[in-house]
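In: Give me a model of this one.
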Amino acid sequence: MDKTDRKILTLLQEDATLPLTEIAEQVNLSPTPCWKRIKRLENNGILTRRVALLDPARVNLGVSVFVHIKTSGHNSSWLSDFAQTVASFPEVAELYRMSGEWDYLLRVVVSDIQAFDVFYKKLIDSVDGLSNVTSSFAMEQIKYTTALPL
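Out: Next comes the predicted model:
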């Protein structure tokens, strides 16, 4: 991946709807070589998808909750079942296996505290082996980006 590829990726991270001709112009290529680079980035798994980002508040999902989980289960079978179950909940926007004090971290997106309570009950009823679950509600989003610093 060279400087031109990075510039293409930066442009697409900012606005995936940019016309190919505009991307090509901004990276000093003609459209065909630019398109070939984008296709190669897709084929190599670097560019994984192009999506629309929504304003959570405008779709009534303005509450982000960070859920820290400790578990008594640490085998691969338990992890697979846990990951599959938790990933299937539409409220879970992100799921990480962590080092340190907590085993897992979830970012859950809901409309309000009552909706989170429904999610929480569904979580603890669906997953065995949770030894500690604690939640923190985000009071204010200071920075949010999906763009990687290339």
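
In: who touches the one helix or strand in the chain whose mean pLDDT sits lowest?
Out: Least confident helix or strand, the chain: helix 76-87 with a mean of 94, by mean pLDDT, DSSP states H and E. The contact list for helix 76-87 (CB atoms under 8 Å, 6 or more residues apart in numbering) reads 71, 73, 92, 95, 97, 104, 106, 123, 126-127, 129. (Each C-beta comes from the backbone N, C-alpha and C, glycine too.)

In: of those residues, closest to Val59?
Out: The closest of the contacts of helix 76-87 to Val59 turns out to be Val92 (CB to CB; 16.4 Å).

In: The spatially most central residue of the chain bridge partners, please.
Out: Nearest to the geometric centre of the chain sits Glu94, at 5.1 Å (CA atoms, centre = their mean). With beta bridges defined as DSSP bridges, Glu94 has these partners: Arg107.

In: wait, what's in contact with it?
Out: Glu94 makes contacts with 105-107, as judged by CB under 8 Å, 6+ apart.

In: most surrounded residue in the residues you listed?
Out: In terms of neighbour count, Leu106 stands highest of the contacts of Glu94 at 22 neighbours, by other CB atoms under 10 Å.

In: Give me the phi and psi for the spatially most distant residue from the centre of the chain.
Out: Ranked by distance from the centre of the chain (CA atoms, centre = their mean), the top residue is Ser30, with 32.8 Å. Backbone torsions for Ser30, taken as degrees, to the nearest 10, come to phi -80, psi 160.

In: next one: Leu105
Out: Per degrees, to the nearest 10, the backbone of Leu105 is at phi -130, psi 130.

In: which parts of the least confident helix or strand of the chain are buried?
Out: The neighbour-count check on helix 76-87 (16 or more other CB atoms under 10 Å) flags 81-82, 86 as buried.

In: from the chain's centre, how far out does that helix sit?
Out: On the basis of CA atoms, centre = their mean, to the nearest Å, helix 76-87 sits 18 Å off its chain's mean C-alpha point.

In: Please export the C-alpha coordinates of that helix as PDB.
Out: Extracted in PDB, the C-alpha atoms of helix 76-87 (Å, rounded to 0.1, in the frame of the first residue of the first chain):
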ATOM      1  CA  SER A  76     -12.800 -21.600  23.400                       C
ATOM      2  CA  SER A  77     -16.200 -23.300  23.300                       C
ATOM      3  CA  TRP A  78     -17.600 -20.800  25.900                       C
ATOM      4  CA  LEU A  79     -16.100 -17.900  24.000                       C
ATOM      5  CA  SER A  80     -17.600 -19.000  20.700                       C
ATOM      6  CA  ASP A  81     -21.000 -19.400  22.200                       C
ATOM      7  CA  PHE A  82     -20.700 -16.000  24.100                       C
ATOM      8  CA  ALA A  83     -19.500 -14.100  21.000                       C
ATOM      9  CA  GLN A  84     -22.200 -15.600  18.800                       C
ATOM     10  CA  THR A  85     -25.000 -14.800  21.300                       C
ATOM     11  CA  VAL A  86     -23.800 -11.300  22.200                       C
ATOM     12  CA  ALA A  87     -23.100 -10.400  18.600                       C
END
